[in-house]
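The following block contains a protein sequence and its predicted model.
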Amino acid sequence: MKNLLISATALALSAGFAMADTVRMGTEGAYPPYNFLNDNGEVDGFERELGDELCKRAELECEWVTNAWDSIIPNLTSGNYDTIIAGMSITDERKELIDFTQNYTQPDPSSYLAASEGVDLEGGVIAAQTGTIQASHIAASGATLVEFASPDETVAAVRNGEADAVLADKAYLAEIAEADADLTLVGDDVLLGGGIGMGLRKSDTELRDKFDAAIQSMKDDGSLNELIAKWLPESAPF
């Protein structure tokens, strides 16, 4: 993504979008409780409920589009959808490529998930999803990073012994640990990033401002904290 080139076509698409009534909301659909596909194959979760409410407050219509995580930024800038709302933490590296709204979650703790206590988190083999802040954190530490395209694959690597542990958002891993007696959260939580926000093309300033205002209104009236308590009970409120 560092070498991403934004084409003239993408710029033309984005320049004309800000005044449109329909917003294509890009998400991964594979990272519960933030976003996932329900039994009907529809996008569901915290960000689906949040995104629908933000569009309502901004007087926009939402269309939901799913996209693999490893190409989610390139497909935004090339015009395949108009926002990213996919559990994406705000980082300086990503801000070189796209703009963000204000955060709609506090910096969320990341946690390690392993098959047992006593795992070497500093020098062992740690799995993370490609292109995440957790992968960057592991790469900068003394541990050996193994990357996978999807969050499910990172957990599978721990189950099959390919990795000693996985580092990911605590809200994601806590549900897995609760459901699987063979896996447990280990070590201390790690605070990474500047919270989660919506990603937009740099040229879509009007659209960004609309969503910014909608997020702020949900913070002001307490409805954002209600959604956080419902979907992300371990996350800090605003």
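Right, received. Where do you want to start?

quick one: buried residues of the longest helix seen in the chain?
Determined from DSSP state H, the single longest helix within the chain is helix 205-221. Neighbour counts over helix 205-221 (16 or more other CB atoms under 10 Å) mark 207, 208, 210, 211, 212, 214, 215, 218, 219 as buried. Bear in mind the C-beta positions are built from the backbone N, C-alpha and C, glycine included.

what do you get for stretch 102-117?
Under 16+ other CB under 10 Å, the buried positions of stretch 102-117 are 102-115.

just stretch 182-195 next, same as before
Buried residues in stretch 182-195 (16+ other CB under 10 Å): 183, 184, 185, 186, 190, 192, 193, 194, 195.

how long is it from one end to the other?
With CA to CA, to the nearest Å as the measure, the ends of stretch 182-195 fall 30 Å from one another.

neighbouring contacts of that stretch?
The contact list for stretch 182-195, computed with CB atoms under 8 Å, 6 or more residues apart in numbering, reads 89-91, 103-119, 121, 133-134, 137, 155, 158-159, 165, 167, 170, 173-174, 176-177.

how about the buried residues of helix 205-221 in JSON lines, adding pLDDT?
Below are the buried residues of helix 205-221 laid out as JSON lines (pLDDT from 0 to 100):
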{"residue": "207", "pLDDT": "98"}
{"residue": "208", "pLDDT": "98"}
{"residue": "210", "pLDDT": "98"}
{"residue": "211", "pLDDT": "98"}
{"residue": "212", "pLDDT": "98"}
{"residue": "214", "pLDDT": "98"}
{"residue": "215", "pLDDT": "98"}
{"residue": "218", "pLDDT": "98"}
{"residue": "219", "pLDDT": "98"}
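
closest to residue 65 among these?
Sorting the buried residues of helix 205-221 by distance to residue 65 puts residue 207 at the head of the list, at 15.4 Å, by CB to CB.

unless I'm mixing things up, that closest one is touching residue 213, no?
No - counting by CB atoms under 8 Å, residue 207 does not reach residue 213; the two are 11.0 Å apart.
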